[in-house]
Each structure stands twice: as C-alpha cells, then as structure tokens.
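In: no sequence for this one, just the structure:
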C-alpha cells in the first residue's frame, strides 16, 4: 500500500514512553514485512501480544493434489462448491502452485467463536455474493458485492456476514499483493494513467479497542497447517496504530477500463500483482472504436503462463454457455481463443457488460480433488466445429 494511514492514539515519537491512564505502559509492536526492508506498521496494544494460554495440536489443510501435470483446457463450475456454516471449513483450494493458491468458499455463518490469521500469505478475498464487515485490530471495513479485500499476511481477522448466502473467490499469495509497479511513481503514488487511484481505496475505520482478558481462540495458518492458539487477551486490543501495513478494500466497480481504437491486450485490465502472477479486472466498457475493429479477443498462445478467468456477471462475447462462478483454466503451452461464431457476432457491438477476475500465473497450476469434483469434463471440446 502506498498510503500512510493512522487510527486511534499514538505517541508523538516511536519507541518512546506511552502510558495508559492508570500509568502502565501500552505494548508497542512492529508489524514488518520482508524483514525490515518493506512495508510496516507500529501497533500499540493494551496488553503484550504474546500472552499464550494454550497451544493445541496443529492439523493439516494442505491441498490434495489430484492432477499435478496436465495440458487440457479446463472449466470448473464454482457455484457447485457446497455451502458450509464454518468459514475456514468452507474454503476449498482448487488451483495451486508454489506462488499462490486459488480458493473457493461459500460460508454461511460469521466468525464468532474464533479469529483467523494467515501468517504466510497475503489474502485477496473477492466478494461475489454477500455483504458484511471485515474486523481486525486495525479497524473495520464494510464489504459488498464486487469488493476486493486485501488482507496482508499476519493480520488477525474475523468476517461478519449480513446473510447466509455468500460466495467468495480467494487468492492466497506467498508474496505481497500490491498495485502494478507501472502505475506507481517513484514515491509510491498511483499515477494519472492508472485505472484507479487512492480515492478508490477504502481503509480501516471505526477502531474499537477491546481491552479484555479471557480465552480467545486464534487459528493460525502456516505451511499448510492450522495451529490452534488460545490467547489470554483479546486480539483486537489496539489503542492506536500507524504505517503502511494494513488491510484495505477496492471495488471492481471502481476500476476504470482503458479502451482504444483496436482491441487492448489483457495488461490494461491489471489491478494487482504478486510474485509470478497478476490479477486483472474485466469490467463493463466501451468496445474498440476503429471502424473495422473486432471486439472479440484474438487467439492467443500463452506460452509462458496459465490463464485463469473467474466469471462474475454479464454476457461474455468470446464465450458460450458461461455461468456465474465458473472458472476457466487455459494452461500455458497450447492456444486458446474465442468460441466458434463469437468473433463474427462481436463485430459492430459497441459495449460489453461483462464482469470477471483474471489470474495469470507464470508457474503451472495444479488441480486439487475439490477442483475435479466440480469439473466440466467436456469443456476442452467447446471449440469444435464441423469441418466436413
């Protein structure tokens, strides 16, 4: 995040005496990334963040790889993932490599009896269906349909849902998720040609200091295991904080599309990036305005990367029989392109109402057993035409 932000009470100088009204010291904590070389925040707790009362036995949530190597255009019907009450149990990894995990989730219930921390991965939670509130020690962020929630690693959080019908598309990234470098100036500010700016980002607000003793269950994920911790004080006991490391929200509806006279390549849709992958947003936009333009995308041999599209809403001019929540995986090494008849059909069209999230990873993705359970096994035949 390129924006400095602060909430609550903080001392005038860092690493100095900062006392409670009763004369005791607040506990200062540095939350830093990449050692001491990247983004960080200073947090002030009512109590030291190290009071552990009990540590339970860890259990595995490692993805079960079912198809490690493949060269097949694949489609997953994401809404066939069954809804479950519990948030963590509802999370089903479907496509994974060593840089990121792509996860589908359909939780019914809010997180009320535990807190969660991913200590090894930034999380990008795209809200396909549902609304509610992201609660952290940094404050609260309301979310709704179309929001990206960016939760940096090490952030303890809870999700509070307004209703039971929720569909989430989640990326766990083992590197920081950040705005594309080409849209940032040397000082970290989003530049004029960026498809969004700082005004579009929603930062934590409504900081509530929970100065409480008790038994607080925090489930911490690291290296494919969940470690059940019981802390003696409330994790959201921040009295204040400042810095650059904190969660934020960005709505796909605030992404301003870049268009041209001729078909624009996918990088114009880029929204975020991590190590070895990018995230793009396809949003309603005007089509190309050259008199002979072909709005439908051309065939593409993605030699060095896989392509993942998560279909959110609208009518896709390059695909037939698309449904909400569908995922298509076009692996690197073979060409993909528009379905038969869609190129001719697109000519003369002025706009599209499509809404989708695209992930392009530069290492091949593996399919899990949860992915195979929702696979459309005939998708790779959808380009067939009668050539006799």
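Out: Ah, there it is. Keep in mind that this is a model prediction, so the values were computed, not measured.
In: for the stretch 151-300 of the chain, what spans make up the strands?
Out: Using DSSP state E, counting those that start in this stretch, the strands of the stretch 151-300 of the chain run over 156-161, 167-173, 213-222, 225-233, 238-243, 248-251, 270-274, 277-282, 285-286, 300-301.
In: of those, which is nearest residue 84?
Out: Evaluated over the strands of the stretch 151-300 of the chain, closeness to residue 84 peaks at strand 167-173, with 11.9 Å, by CB to CB. All C-beta atoms are positioned from the backbone trio N, CA, C, and that covers glycine.
In: how much space is there between residue 257 and residue 271?
Out: Distance, residue 257 to residue 271, by CB to CB, to the nearest Å: 11 Å.
In: want to try TSV for the strands of the stretch 151-300 of the chain, with mean neighbour count and distance to residue 70 as columns?
Out: Formatted as TSV, those follow (neighbours: other CB atoms under 10 Å; distance: least, CB to CB, whole Å):
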stretch	mean neighbour count	distance to residue 70
strand 156-161	20	33
strand 167-173	23	20
strand 213-222	16	27
strand 225-233	17	27
strand 238-243	21	43
strand 248-251	20	33
strand 270-274	22	23
strand 277-282	23	18
strand 285-286	15	33
strand 300-301	12	17
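In: out of those, which gets nearest to residue 181?
Out: Set against residue 181 and scored by CB to CB, those come closest in strand 270-274, at 7.3 Å.
In: let's test this: mean pLDDT of the closest one, rounded?
Out: Averaged over strand 270-274, pLDDT sits at 96.
In: how about low-confidence regions in this structure?
Out: Within the chain, the segments meeting pLDDT under 70 span 1-2, 317-318, 320, 386-388.
In: any idea which residue sits dead centre in it?
Out: residue 124 (1.6 Å; CA atoms, centre = their mean).
In: okay, and the beta partners of that residue?
Out: residue 150, residue 171 (DSSP bridges).
In: surely it and residue 150 touch.
Out: Yes: if you go by CB atoms under 8 Å, residue 124 and residue 150 touch, sitting 5.7 Å apart.
In: list residues touching both of those two?
Out: Common neighbours of residue 124 and residue 150 (criterion: CB atoms under 8 Å, 6 or more residues apart in numbering): 177, 272.
In: what sits against the residue nearest to the centre of the chain?
Out: 148-151, 170-171, 173, 177, 272, 279.
In: show the contacting residues for residue 67.
Out: Neighbours of residue 67 in contact, by CB under 8 Å, 6+ apart: 366-367, 371-372.
In: just to revisit the earlier point, mind checking the strands of the stretch 151-300 of the chain for the one nearest to residue 43?
Out: strand 238-243 (4.4 Å).
In: report all helices and strands that the closest one contacts.
Out: strand 5-8, strand 40-45 (3 or more CB pairs under 8 Å, 6 or more residues apart in numbering; DSSP states H and E).
In: which one of those lies nearest to residue 184?
Out: strand 5-8 (16.9 Å).
In: so in that sheet, which strands flank that closest one, and in what orientation?
Out: Under the rule (DSSP bridges), strand 5-8 has strand 238-243 (antiparallel) as partners.
In: what does the partner strand rub up against?
Out: Applying CB under 8 Å, 6+ apart, the set of residues contacting strand 238-243 is 4-10, 26, 31, 39-46, 137-138, 207, 209.
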